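[1] Coordinates for the following, if possible.
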Amino acid sequence: MANAQDVANFFELLRALATSPSTTWIDQVLKDNQRMKASVKEREHDHNSLVRVIAQLTNDRDAEIAKSKDAISQSEEAKTKAGELTTEIEGAKKTIADKDQKLEEDATVITTLKGDIEALGKEVQSRDDVIKKHEEQQANDGARIQELEGSLGTTKTELETASNQLNEIQSLSCQVVDGSKEFVLAEIDKIYGYAKSVAMKYFNEDLPEDILTNGPLFEEIRKLVRPIPLPASNSVPAKKARVAAFLYLLGSRLADQIFLPFYMSPPEYQDQQSGIDSIAVMLSDLSITDPKRELHLRSVLLASSPGEQRRIAYDRADDIATEIFDILGILLQTDLQIKFQHDIRKLCHLAVESWDTLRPLREKVEPFTETEEDSEKYWLPAELDGFSYKKQPQPNGKQNGLGSKPSIHSLKSANKVILVWPGFSYGAEVLKQGFMLLDSQVRLAEEEAQPLRRNQRAMHRASLTGSPVQQRRPVGRKSRMLARSGE
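    Okay, here's the model as predicted:
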């Protein structure tokens, strides 16, 4: 606790301070300070008022700017809408223009249609008139139809009768078929190929010595195979001549007796002067001048006693086989004669069977042994060895450049050829050439077959063997040739 002295000193100091000039100055300063504070507060109040005013103005300005931006945005939208409206207006104008043009066109069409309607009206009226006429005609036709229906029953009966008659007529003819050239050629080649194999098998070999020395035998055979020379030797030309003689005898007889459209029993079927089947000649002529009539006649003939025709064909085949065997079989050794007789008979039967498939063809297949000219159109050199003569196809597509079918009567003007195998026509053209002997193919054989040389060789062989000439006969049948020579 302060003492009284300290309190007194404190108050003394206060009085001294109060009377001091500095205190007056401080008091003055404090007063000035109070005034300045009042002035600052006033200024602060004014500043705050100004700030509030400025803030208000700023807010007002921002609001105005926002309004201005909104106005600008609205203006842009308005411009866009105005552009769209302008486009729509232009489109609407174009549409209106198009519609106006369409209306004008429609108006033109309507005008045209009006004219057409008027014309159609006239046409309808005209058709009505025609319909009326047609109705009248139909009425007349109806009456006519009733009349025709009355006679239709009679006509049907007549038609049925005619149909039955036609069926009966058709039953009297053979059904004709189509055959390709390849098929026909294959059948023809099959016959020739077999004949060639038989010829090469039996006549391309050496003959026995006792046969070669039998002069009368060879002389008799030469008479039957003329103009083919037949040397009595085993030379290559002599063997080829024997092959040619066999093919000539077989081919000519098949052509005359088997390769025919129709078979009749002898002696009626043959022209005795020409040796040619009269029916074959008639059909051959018709096949050139009137193919349809020839086909009809041939189909009727084929249907006539087919069993009898087949029997006649095989009988003729047997006769041909026997005749050729009697002529040439005598040249063979005894052990080969029976085989040869069997093979030649089989060959002739094969020819009958193959030809039987060709007779009913629509296009007539016909052999020829004579032609108007001895050219490559109709003839090729005979194949007398193991090789075949083949000619390259011509550019025009015809096989071997073949010509048209030769006439069966061309014998009258023909230059004689030495026939070996007949050719064949198919329809109006030659399908396969025949085979003939060239001069070069028979020259050596002719020289060798001359009587003087033949006798010299026979005497020489007889002197070597010392055996007499033996007469030979084929096994199983007496030779017709020898029977004639002994008469």
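
[2] how many other residues sit next to the nearest residue to residue 446 once chain neighbours are set aside?
    Of all residues not flanking residue 446 in the chain, residue 229 sits nearest, at 4.4 Å (CB to CB, 6 or more residues apart in numbering). C-betas here are computed from N, CA, C, even on glycine. Neighbour count of residue 229, defined by other CB atoms under 10 Å: 23.

[3] Same question for the one 5 residues further on.
    Here the count is done by other CB under 10 Å, and residue 234 has 14 residues near it.

[4] quick one: contacts for it?
    206, 207, 212 (CB atoms under 8 Å, 6 or more residues apart in numbering).

[5] Most neighbours out of those residues, which is it?
    Tallying neighbours with other CB under 10 Å puts residue 212 at the head of the contacts of residue 234, with 21 neighbours.

[6] So for that residue, what's the nearest residue that isn't a sequence neighbour?
    Spatial nearest neighbour of residue 212, chain neighbours left out: residue 232 (4.9 Å); criterion: CB to CB, 6+ apart.

[7] Wait, residue 190 touches residue 350, no?
    Yes: between residue 190 and residue 350 there is a contact at 7.4 Å, judged by CB atoms under 8 Å.

[8] and residue 420, that one's in a helix?
    No: assigned with DSSP: H, G, I helix; E, B strand; the rest coil, residue 420 falls outside any helix and is strand.

[9] And for it, the neighbour number?
    What residue 420 shows, counting by other CB under 10 Å, is a neighbour count of 27.

[10] Output stretch 113-131 in PDB, but only the C-alpha positions, please.
    Output of stretch 113-131 as PDB, limited to C-alpha atoms (Å, rounded to 0.1, in the frame of the first residue of the first chain):
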ATOM      1  CA  LEU A 113     -57.000 -34.700-122.700                       C
ATOM      2  CA  LYS A 114     -60.100 -32.900-123.600                       C
ATOM      3  CA  GLY A 115     -59.200 -33.400-127.200                       C
ATOM      4  CA  ASP A 116     -58.300 -37.000-126.600                       C
ATOM      5  CA  ILE A 117     -61.600 -37.500-124.700                       C
ATOM      6  CA  GLU A 118     -63.500 -36.200-127.600                       C
ATOM      7  CA  ALA A 119     -61.600 -38.500-130.000                       C
ATOM      8  CA  LEU A 120     -62.100 -41.400-127.600                       C
ATOM      9  CA  GLY A 121     -65.700 -40.600-127.500                       C
ATOM     10  CA  LYS A 122     -65.900 -40.800-131.200                       C
ATOM     11  CA  GLU A 123     -63.800 -44.000-131.100                       C
ATOM     12  CA  VAL A 124     -66.100 -45.500-128.500                       C
ATOM     13  CA  GLN A 125     -69.000 -44.700-130.600                       C
ATOM     14  CA  SER A 126     -67.300 -46.300-133.600                       C
ATOM     15  CA  ARG A 127     -66.500 -49.400-131.500                       C
ATOM     16  CA  ASP A 128     -70.000 -49.600-130.200                       C
ATOM     17  CA  ASP A 129     -71.000 -49.800-133.900                       C
ATOM     18  CA  VAL A 130     -68.400 -52.500-134.500                       C
ATOM     19  CA  ILE A 131     -69.500 -54.400-131.400                       C
END
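
[11] mean confidence for it?
    Stretch 113-131 shows a mean pLDDT of 85.

[12] how close does residue 194 get to residue 179?
    20 Å (CB to CB, to the nearest Å).

[13] Apologies, that question was intended for residue 248.
    Using CB to CB, one obtains 28 Å as the distance from residue 248 to residue 179.

[14] same question, residue 153
    The gap separating residue 153 from residue 179 is 45 Å, by CB to CB.

[15] Now the phi/psi pair for the residue nearest the centre of the chain, please.
    By CA atoms, centre = their mean, the mean C-alpha position of the chain lies nearest to residue 180, the distance being 14.4 Å. Per-residue torsions, residue 180: phi -80, psi 160 (degrees, to the nearest 10).

[16] Pull up the gap between residue 346 and residue 322, please.
    From residue 346 to residue 322 the distance is 13 Å (CB to CB).

[17] ditto for residue 348
    9 Å.

[18] Who has more neighbours out of those two?
    residue 348 (26 against 19).

[19] sorry, back to before: show me which of residue 153 and residue 179 is the more surrounded one.
    Neighbour count, other CB under 10 Å: between residue 153 and residue 179, residue 179 has more, with 17 against 9.

[20] Let me know the secondary structure of the more buried one.
    Per three-state DSSP, the local secondary structure of residue 179 is coil.

[21] same thing with residue 72?
    helix.

[22] any chance you could map the helices in the chain?
    4-19, 21-171, 181-203, 209-212, 215-225, 236-257, 278-289, 291-302, 306-328, 334-358, 439-448, 451-465, 480-486 (DSSP state H).

[23] For residue 208, grab the count of nearby residues.
    Neighbours around residue 208, by other CB under 10 Å: 15.
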